[in-house]
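Participant: take this sequence and fold it.
(chains A, B, C and D)
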2 protein chains.
Amino acid sequence: MVTLAEVAQHAGVSASTVSYVLSGKRSISVATRERVEQSIQQLGYHPNAGARALASSRSNIIALMVPLRTDMYVPVMMEIAIAVATTARTHGYDVLLLTGEEGPAAVRRIAGSSLADAMILMDVELHDERLPLLRETDRAAVLIGLPADTAGLTCVDLDFEATGALCVEHLAGLGHREVAVIGEAAAVYERHTGFAERTVDGVRAKAQETGVRILHRPCEGGYAAMAQTLSRIFDERPGTTGFIVQNEAAVEPLLNLLRQQGRAVPEDVSVVAICPEQVATQASVRLTSVAIPAQEMGRRSVEQVVAKLSGRGVDEVELLAPELTVRESTGPAPV
Amino acid sequence: MVTLAEVAQHAGVSASTVSYVLSGKRSISVATRERVEQSIQQLGYHPNAGARALASSRSNIIALMVPLRTDMYVPVMMEIAIAVATTARTHGYDVLLLTGEEGPAAVRRIAGSSLADAMILMDVELHDERLPLLRETDRAAVLIGLPADTAGLTCVDLDFEATGALCVEHLAGLGHREVAVIGEAAAVYERHTGFAERTVDGVRAKAQETGVRILHRPCEGGYAAMAQTLSRIFDERPGTTGFIVQNEAAVEPLLNLLRQQGRAVPEDVSVVAICPEQVATQASVRLTSVAIPAQEMGRRSVEQVVAKLSGRGVDEVELLAPELTVRESTGPAPV
DNA sequence: GACCACTGTCGAAGCGCTTCGACACACGAG
DNA sequence: CTCGTGTGTCGAAGCGCTTCGACAGTGGTC
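Facilitator: Residues are numbered from 1 along each chain as shown, chains lettered A, B, ... in the order given. Below is the predicted model of the structure:
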């Protein structure tokens, strides 16, 4: 393994000079810089990460904590994680992947060992166990999701209230007066993940404003659960013509069941989904939807965390504005 | 931040003693050990990762390289990644998440900087660019997937040949004589990822043995592509009664289309899927399937890599035996 | 022409840990 | 009683890097 000292010797300068060439923290003459850079190339030098971390007390690693909840839609998590990893690289950071297994203790371990300079927490609950520990630490951190109390925390999330409102607005604009919201599994609400509730809040507010009647039903994914939910909805509100679905595993069952019942989409009923683009475009009917901006969330969270690490950056909640894309699953309410 | 030296002082011993208590590399009297452990508790000591890595030239980090190919089924990747991360923790390792963005250079960077002690490479191609670099390095490594030349490499993968054979065997046993294989997108074959070809090889071999006729068609996911593929299949082989699907994005379209064409599953046609359990059980028909043992693959790859790091462990290809679960999508061939 | 400010480079002191050899002491064997 | 053999502990030397202060040399200013 090539060391800094060997590079220095090869270039005929001192070790500190090589270090300064690498970090750019002091001015170096062009001639020297070029000579050093050439030696680095020739010898194939890579700075030792451990030594660097020890000396500078910065590891250039960001920890990404991904809880293991089975009720979350995996591809979105993955997309965020990938976006975090790639964005981090462009800022010179690597990403450490922590799963929920270890629980809140992971926060302490990572902070205590200085393994990572900062943390990004995904799938944050309203009263997340990790938050107290996080507040104790002076480590930079960003949450993806919104806890109940955001004081002193930086958060990035989709603006789910606006998302709910946007869906209702779209349907109301098409003349729908009775709208059903098919939500996440009941477990998600019980865990108080926040985003599900926020969507419904947004839906309700806009519904009131536009005079739309709302029926909200949580739903497990799959055909059996969806069939049951659907028949309940039509029993209770036979006049329902609009659906808002916020549950990836319910999308396809819903479309299939409507079809089987002879209800045409969008002629008889309109469907708006809150889901990743891929789900919306690959469904059996191309869905009008509000996308989950997974990439954007990953990217922004890294940018926030990097800003904090470099002294800039403040604690604030950043809500990403939802965008509704009209496709083939929504149309004017039947007369 | 508490240091080893402070713990030593607090416990009234030398720094090296504390180190030996932590590592267990020398015998320590019970009394001393307990005193030290108590000090560690009281002070909330966590060893500094950088210092430890520098001094021991082991970082206790495993790098996981996840290429960013959009044509791979994401949940499987994620499941493997999660399994890797959790298994790694049980062996005292953390996991660094590397995306494909950086390309083969990542191998050099990680090895050169000693950031990770070992690497696990996912989604390996037959002639993977990363392999030459990997062979240069003396870093421990395990591949998930099978390249063309496995000499000097450790690999973990599902035995896709046996998987293909198992599917044919099942259908042949039910009396099916004409079987269509619906494969991955053409891009997957062109990239020579290996697993897709291996499945077809296994299918062909067993088909010959059992006198089954095979038609193999790659297929992009989604309804449009599937509709086209399906009509071609029935044009060319009207007597087709068995399907083997190895493409998550084609599963639901296939079932829907068969239904629309008035072909009952499993009375008229049988379908065997090669896919994660979740896809098989959540499809509109519960599918007879061979599961992708994502967890097992992640777990085994870590165990192999840990074995190598501790001197045990040898270079070998470990193929996991496929298991076929009979559900409701296969039945006797119609007479 | 003396002075100052700046620029570019160097040496040395750590960062917090591991690990090697040394050493003190206790104990059983001869 | 001495010697050899373990056993438990310590001190010191690094691991490879960053960074601070020092210091030549250069050029501009009054």
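Participant: which residues of chain A fall in strands?
Facilitator: Taking DSSP state E to define them, one finds strands in chain A at A:61-66, A:94-99, A:118-121, A:140-144, A:155-158, A:178-182, A:213-217, A:242-245, A:270-274, A:288-290, A:317-320, A:324-325.
Participant: will you turn those strands into JSON lines that also has mean pLDDT, mean neighbour count and distance to DNA strand C?
Facilitator: Quick note: C-beta positions are derived from backbone N, CA and C, even for glycine. Converted to JSON lines, the strands of chain A look like this (pLDDT from 0 to 100; neighbours: other Cβ atoms under 10 Å in any protein chain shown; distance: least, Cβ to the nearest atom of the strand, whole Å):
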{"stretch": "strand A:61-66", "mean pLDDT": "96", "mean neighbour count": "26", "distance to DNA strand C": "16"}
{"stretch": "strand A:94-99", "mean pLDDT": "96", "mean neighbour count": "24", "distance to DNA strand C": "18"}
{"stretch": "strand A:118-121", "mean pLDDT": "96", "mean neighbour count": "26", "distance to DNA strand C": "19"}
{"stretch": "strand A:140-144", "mean pLDDT": "95", "mean neighbour count": "25", "distance to DNA strand C": "19"}
{"stretch": "strand A:155-158", "mean pLDDT": "96", "mean neighbour count": "24", "distance to DNA strand C": "31"}
{"stretch": "strand A:178-182", "mean pLDDT": "97", "mean neighbour count": "24", "distance to DNA strand C": "52"}
{"stretch": "strand A:213-217", "mean pLDDT": "96", "mean neighbour count": "16", "distance to DNA strand C": "52"}
{"stretch": "strand A:242-245", "mean pLDDT": "98", "mean neighbour count": "27", "distance to DNA strand C": "51"}
{"stretch": "strand A:270-274", "mean pLDDT": "98", "mean neighbour count": "28", "distance to DNA strand C": "47"}
{"stretch": "strand A:288-290", "mean pLDDT": "98", "mean neighbour count": "25", "distance to DNA strand C": "48"}
{"stretch": "strand A:317-320", "mean pLDDT": "96", "mean neighbour count": "16", "distance to DNA strand C": "34"}
{"stretch": "strand A:324-325", "mean pLDDT": "98", "mean neighbour count": "15", "distance to DNA strand C": "52"}
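Participant: make TSV from these and add distance to B:Leu121 to it.
Facilitator: Converted to TSV, the strands of chain A look like this (distance: least, Cβ to Cβ, whole Å):
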stretch	distance to B:Leu121
strand A:61-66	20
strand A:94-99	15
strand A:118-121	24
strand A:140-144	27
strand A:155-158	31
strand A:178-182	40
strand A:213-217	45
strand A:242-245	38
strand A:270-274	35
strand A:288-290	35
strand A:317-320	33
strand A:324-325	36
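Participant: mind listing what A:Val124 touches?
Facilitator: Listed by Cβ atoms under 8 Å, 6 or more residues apart in numbering or on different chains, the contact set of A:Val124 reads A:Arg130, A:Leu131, A:Leu143, A:Ile144, A:Gly145, A:Leu146, A:Pro147, A:Cys155, A:Thr193, A:Gly194.
Participant: in helices only, show me the residues you listed.
Facilitator: A:Arg130, A:Leu131 (DSSP state H).
Participant: what is the nearest of the contacts of A:Val124 to B:Ala81?
Facilitator: Distance to B:Ala81, by Cβ to Cβ, is smallest for A:Ile144 among these, at 17.2 Å.
Participant: isn't that closest one right up against A:Val156?
Facilitator: Yes - between A:Ile144 and A:Val156 there is a contact under Cβ atoms under 8 Å: 5.5 Å.
Participant: from A:Gly100, how far out is A:Glu220?
Facilitator: 21 Å (Cβ to Cβ, to the nearest Å).
Participant: low-confidence ranges in the stretch 1-150 of chain A?
Facilitator: Across the stretch 1-150 of chain A, the stretches falling below the confidence threshold (pLDDT under 70) are A:70-72.
Participant: in it, which spans are helices?
Facilitator: A:4-11, A:15-23, A:30-43, A:49-56, A:74-90, A:105-113, A:130-136 (DSSP state H, counting those that start in this stretch).
Participant: and those, which is most packed in?
Facilitator: Sort the helices of the stretch 1-150 of chain A by mean neighbour count, taking mean count of other Cβ atoms under 10 Å in any protein chain shown, and helix A:74-90 sits at the top with a mean of 22.
Participant: quick one, what contacts the residue of the stretch 101-250 of chain A found nearest chain B?
Facilitator: Of all residues in the stretch 101-250 of chain A, the one sitting closest to chain B is A:Gly112 (3.0 Å; Cβ to the nearest Cβ). Applying Cβ under 8 Å, 6+ apart, we find A:Gly112 in contact with B:Met1, B:Gly44, B:Tyr45, B:His46.
Participant: and which of the contacts of A:Val124 is nearest B:Lys308?
Facilitator: Using Cβ to Cβ, A:Arg130 is the member of the contacts of A:Val124 that sits closest to B:Lys308, with 33.4 Å.
Participant: name the nearest residue to the closest one, sequence neighbours excluded.
Facilitator: Spatially, and ignoring its direct neighbours in sequence, A:Arg130 is nearest to A:Pro104 (4.8 Å; Cβ to Cβ, 6 or more residues apart in numbering or on different chains).
Participant: understood, closing this out.
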